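Enquirer: return atomic coordinates for the entry below.
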Amino acid sequence: MKRLISVLAFVFLAGSAALLLYPRVSAPHVQSAFEAAALLEQDRQAGGDGVTFRAEEVDPDEVYRALEARWPYAFALHATTRPDQTTTMRVEVPRAARQAQAQTYAAALAADSVTAGMDDARKLRALHDALVRLCAYDVDTAVQRDPDGADAAFAADGALLDHQAVCAGYGRAFAMLCEAAGLDTVYVASEEMNHGWNAVRLDGQTYYIDCTFDDPVPDRGEYVSDSYFLLTAEELRRTHVWDEAFCERALDSLAKDSG
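Expert: As a prediction, this is how the structure comes out:
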């Protein structure tokens, strides 16, 4: 009887350990922050409640950067690390209905702006011009000492629905327009400049588009500058500072998804 009780106790303890370790064992293996970001995008679009990763394979700050580069929505990323060496991340989208409305508007604007006969460079120019004509730079938000980064001015809905935004709103709106037109683009965030813009690839070459810098202040209606349209990294370095290697990896991750 004692031997049977010992065996049963061992089985119980082994089963309890397996249950405790299950989240870690079942967690997907990821090799980069961009792979984690892609899984979080899929989870959010499917209405999930988060993704659990092996803690040593993810850095929440890097995953946030990767998701910000790849995804046209403004969002918050919540991360919880547990004793079983797992980290669960969940994406929260503020004004979700309004940002979805902006995506619907982006699809309509992209359809009006591009035609099937255009090559990708002409499509990008058409979307760039449409956004600059539509949106005015939000000077009032830009001069605030401590602006709320969750405000619409920092997101695509500010640019597309309110027709005013700061650089983050321009960059996310342009990414949303490109997504609607079937074009890959990433959002480039520069902490050094407190500024954001976009990067694309054409024929294997990386180019940069800064819609904010191409929109005059004060606004000039239909006038659109092209001074910051499809610049090479060498050209953009004259005025901008950013993490070029991270940007290239973000573009690589989109190319991998497309392939």
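Enquirer: so Thr206 bridges to which residues?
Expert: Listed by DSSP bridges, the beta-bridge partners for Thr206 are Arg201.
Enquirer: and it, what does it touch?
Expert: Thr206 is in contact with Ala199, Val200, Thr232, Ala233, Cys247, Glu248, Leu251, counting by CB atoms under 8 Å, 6 or more residues apart in numbering. No exception for glycine: its C-beta is placed from N, CA and C like everyone else's.
Enquirer: excluding chain neighbours, what is closest to Leu127?
Expert: Distances taken as CB to CB, 6 or more residues apart in numbering put Leu177 closest to Leu127, at 4.5 Å, once the chain neighbours are dropped.
Enquirer: which of the helices or strands spans the one you found?
Expert: Element membership for Leu177 (DSSP states H and E) is helix 167-180.
Enquirer: just the CA trace of that helix, in PDB.
Expert: Listed next in PDB are the C-alpha coordinates belonging to helix 167-180 (Å, rounded to 0.1, in the frame of the first residue of the first chain):
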ATOM      1  CA  CYS A 167       4.800  63.100 -37.900                       C
ATOM      2  CA  ALA A 168       3.600  59.800 -36.400                       C
ATOM      3  CA  GLY A 169       0.200  60.300 -37.800                       C
ATOM      4  CA  TYR A 170       1.500  61.000 -41.200                       C
ATOM      5  CA  GLY A 171       3.800  57.900 -41.100                       C
ATOM      6  CA  ARG A 172       1.100  55.600 -39.900                       C
ATOM      7  CA  ALA A 173      -1.400  56.900 -42.400                       C
ATOM      8  CA  PHE A 174       1.000  56.500 -45.200                       C
ATOM      9  CA  ALA A 175       1.700  52.900 -44.100                       C
ATOM     10  CA  MET A 176      -2.000  52.300 -44.000                       C
ATOM     11  CA  LEU A 177      -2.500  53.700 -47.500                       C
ATOM     12  CA  CYS A 178       0.400  51.500 -48.800                       C
ATOM     13  CA  GLU A 179      -1.100  48.400 -47.100                       C
ATOM     14  CA  ALA A 180      -4.400  49.100 -48.900                       C
END
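Enquirer: wait, Val166 sits on Asp140?
Expert: No. Using CB atoms under 8 Å, Val166 makes no contact with Asp140, being 9.8 Å away.
Enquirer: which of those two has more neighbours?
Expert: Neighbour comparison, Val166 and Asp140: the larger count goes to Val166, with 26 against 11 (by other CB atoms under 10 Å).
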